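Novice: Here you go, sequence then predicted model.
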Amino acid sequence: MRLSVIGCGYLGAVHAAAMASIGHEVVGIDVDERKIASLSRGEAPFFEPGLQEILTEGIASGRLTFTTDMAAARGAKVHFVGVGTPQQKDGYAADLTYVNAAIDGLLPFLSAGDIVAGKSTVPVGTAAGLAPRVEKTGAVLVWNPEFLREGWAVQDTIDPDRLVVGIGDTGRADVDPAAVLREVYHPSVAKGTPFIVTDLATAELVKVAANAFLATKISFINAMAEIAEVTGADVTQLADAIGHDARIGRRFLGAGIGFGGGCLPKDIRAFSARAEELGRGESVAFLREIDAINLRRRDRAVDLVVDALGGSVFKKNVTVLGAAFKPHSDDIRDSPALDVAVRLHGLGAWVTITDPAALENARRQHPQLNYVEDRDEAIRGADALILVTEWDEYRRQLSPDHASTLTEGRIVVDGRNGLDAGAWRAAGWTYYGMGRP
Ligand code: NAD
């Protein structure tokens, strides 16, 4: 099937390449000339495992092209819209400028019977507001939220755990958007992946509800970490113990410096803002608390380093292990790791950051910090280490004995509770975890 994908960022570039990999003919369209030039050359503009391979393959097959020219969308049967919906600069609501611009830019190139499938995460009610503009062209608007996890985006796009399509009252008996999208996602449909058809509002809400739930689960365990810290309890044992209850489950119960990235923080804020507009602010008022707990953990990590270094980090060498908001990604949007690094720098520490993928992005955003590509070089001479992104390079592959050969410093702060505390202590390090004695 001929498809267009408007917006080629983390979501769109992966979606375009993944759709080509399952046999479709895809054109990816973006306003960012540099991104399009890089994608057209077959170079992934960001780090995402598996993306480079399907990009190279798609371009070589001739089924995958990229352009800045919206006219290239003409002739596609389904147009996916995956442009950004960041937090507004002066409030918590989502900024819909890019969604509106993408839809308006697309309208002249739509034909009767085309399907416009929104993938961006939008406030509930957005699709219903956009639908009349799309329907004037004879096309139909549906909402098909995206649940991919960065770091697993290719796998999640090709083989998602569920597909959700919101369809409004189109008044068109001749167009069956659910059938068309089943055809688009044919390999998943054939293997029995749940394909859930809802109305527009439900589809929009599914996405923000899922993110609100995940954020709540993380902040819940971080709240328990705060209690553990004043009682001497160990939050990791607590998480293991409650996680055995199948109704609770252990996943997403890792206490640490909390969530960040381009989705959870802005999505829970946009959800609160939308609920306020709808007169139901109290229904999700708890999300403000979830946000506050999350941000407090960054303070806690900084305090741990300060305390560990005797009350001041001034002129102390602190090595920060990680910059990306999570492993297997170079995304630094709202990264708790970088936030902690910047705060330590602000307190006068000599901060050195290392990360397997995100250094270039981090350097661009915070040129004042010292970036060292080589992990061992970064650790050399550190007074304290702080793990803030749980890459395997630090969690599993860095042995405390090896670290001991690189520096005299013997302080390690585990901002992700990802290290083997016993092994580090046994090697002579003073280990500090989050919510652990
Ligand atoms: P991103 O910033 O990486 O990409 C957005 C892209 O849209 C950019 O390349 C930008 O240049 C392009 N764009 C902006 N205006 C445009 C226009 N008028 N025409 C064409 N292109 C335009 O953002 P992202 O992370 O890919 O997120 C996109 C959307 O998907 C957001 O709503 C986000 O919440 C949602 N989402 C993201 C993820 C994720 O993990 N990144 C997962 C699920 C949902």
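Specialist: Arrived safely.
Novice: contacts and neighbour counts: CA atoms only from here.
Specialist: Will do.
Novice: hang on, A324 packs against D339?
Specialist: No. Using Cα atoms under 8 Å, A324 is not in contact with D339; the gap is 10.5 Å.
Novice: When these two are compared, which one has more neighbours?
Specialist: Between A324 and D339, A324 has the larger neighbour count (other Cα atoms under 10 Å), namely 31 against 20.
Novice: Could you grab the helix/strand/coil label for that one?
Specialist: Using DSSP: H, G, I helix; E, B strand; the rest coil, the structure places A324 in coil.
Novice: residue contacts, it?
Specialist: Residues in contact with A324, defined by Cα atoms under 8 Å, 6 or more residues apart in numbering, are 330-332, 335, 337-338, 355, 357-358, 389.
Novice: how does it look with 10 Å?
Specialist: Residues near A324 by Cα atoms under 10 Å, 6 or more residues apart in numbering: 260-261, 330-338, 354-359, 361-362, 388-391.
Novice: That one - nearest residue in space that isn't next to it in sequence?
Specialist: I332 (4.8 Å; Cα to Cα, 6 or more residues apart in numbering).
Novice: Surely N211 touches R149?
Specialist: No. Counting by Cα atoms under 10 Å, N211 does not reach R149; the two are 11.1 Å apart.
Novice: so who does P194 touch?
Specialist: P194 sits next to 160-164, 188 when contact means Cα under 10 Å, 6+ apart.
Novice: and if we set it to 8 Å?
Specialist: 161-163.
Novice: out of the residues you listed, which is most surrounded?
Specialist: L163 (21 neighbours).
Novice: how far away is the residue lying closest to it once chain neighbours are set aside from A203?
Specialist: Excluding its sequence neighbours, the residue lying closest to L163 (Cα to Cα, 6+ apart) is F195, at 4.7 Å. Taking Cα to Cα, to the nearest Å as the measure, F195 and A203 are separated by 12 Å.
Novice: shared neighbours of those two, which are they?
Specialist: In contact with both F195 and A203: 164-165, using Cα under 8 Å, 6+ apart.
Novice: Near the ligand, which residues of the stretch 51-200 of the chain? Just list them.
Specialist: Contact residues (Cα under 6 Å from any ligand atom) of the stretch 51-200 of the chain with the ligand: 82-85, 98, 101-102, 120-121, 146-150.
Novice: same thing but 5 Å
Specialist: 82-85, 98, 101-102, 120-121, 146-147, 150 (Cα under 5 Å from any ligand atom).
Novice: Just the buried residues of those.
Specialist: 82-85, 102, 120-121, 146-147, 150 (16 or more other Cα atoms under 10 Å).
Novice: Run through the helices of the stretch 1-150 of the chain in chain order.
Specialist: 10-21, 33-40, 51-61, 97-106, 126-135 (DSSP state H, counting those that start in this stretch).
Novice: Can you name every helix or strand that the longest one contacts?
Specialist: Identification of packing neighbours for helix 10-21 by 3 or more Cα pairs under 8 Å, 6 or more residues apart in numbering; DSSP states H and E yields strand 2-6, strand 25-29, helix 51-61, strand 64-67, helix 153-158.
Novice: Now these in JSON lines, please, with extra columns for mean pLDDT and mean neighbour count.
Specialist: Formatted as JSON lines, those follow (pLDDT from 0 to 100; neighbours: other Cα atoms under 10 Å):
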{"stretch": "strand 2-6", "mean pLDDT": "98", "mean neighbour count": "27"}
{"stretch": "strand 25-29", "mean pLDDT": "98", "mean neighbour count": "26"}
{"stretch": "helix 51-61", "mean pLDDT": "98", "mean neighbour count": "19"}
{"stretch": "strand 64-67", "mean pLDDT": "98", "mean neighbour count": "25"}
{"stretch": "helix 153-158", "mean pLDDT": "98", "mean neighbour count": "21"}
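Novice: Can you name the residue of the stretch 301-437 of the chain nearest to the ligand?
Specialist: Of all residues in the stretch 301-437 of the chain, D331 sits closest to the ligand, at 8.7 Å by Cα to the nearest ligand atom.
Novice: Let me know the pLDDT of the nearest residue to that residue once chain neighbours are set aside.
Specialist: Among residues not flanking D331 along the chain, A324 sits closest, at 5.4 Å (Cα to Cα, 6+ apart). Confidence at A324, expressed as pLDDT, is 98.
Novice: hmm, which two among the residues of the stretch 51-200 of the chain next to the ligand are most spread apart?
Specialist: Spatially, the most separated pair among those is A101 and E150, at 25.3 Å (Cα to Cα).
Novice: who's in contact with the residue of the stretch 301-437 of the chain closest to the ligand?
Specialist: Applying Cα under 8 Å, 6+ apart, the residues near D331 are 46, 261-262, 324-325, 358, 361.
Novice: Same question for stretch 132-143: list its buried residues.
Specialist: Within stretch 132-143, the residues that qualify as buried are 133-135, 137-143, counting by 16+ other Cα under 10 Å.
Novice: Any chance of the residues you listed in JSON lines with pLDDT as columns?
Specialist: JSON lines is the format used below for these (pLDDT from 0 to 100):
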{"residue": "R133", "pLDDT": "97"}
{"residue": "V134", "pLDDT": "97"}
{"residue": "E135", "pLDDT": "96"}
{"residue": "T137", "pLDDT": "96"}
{"residue": "G138", "pLDDT": "96"}
{"residue": "A139", "pLDDT": "97"}
{"residue": "V140", "pLDDT": "97"}
{"residue": "L141", "pLDDT": "98"}
{"residue": "V142", "pLDDT": "98"}
{"residue": "W143", "pLDDT": "98"}
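Novice: quick check, nearest of those residues to L55?
Specialist: Nearest to L55 among the buried residues of stretch 132-143 is W143, at 25.3 Å by Cα to Cα.
Novice: Surely that closest one is in contact with V206?
Specialist: No. When contacts are counted by Cα under 8 Å, W143 is not listed as touching V206 (10.7 Å).
Novice: quick revisit: okay, the helices and strands packed on helix 10-21 in TSV with distance to A270 next?
Specialist: Output for the helices and strands packed on helix 10-21, formatted as TSV (distance: least, Cα to Cα, whole Å):
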stretch	distance to A270
strand 2-6	22
strand 25-29	26
helix 51-61	29
strand 64-67	31
helix 153-158	23
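Novice: For G168, find the nearest of the ones you listed.
Specialist: Comparing the helices and strands packed on helix 10-21 by Cα to Cα, strand 2-6 comes nearest, at 21.1 Å.
Novice: Counting by contacts, list what that closest one packs against.
Specialist: helix 10-21, strand 25-29, strand 78-81.
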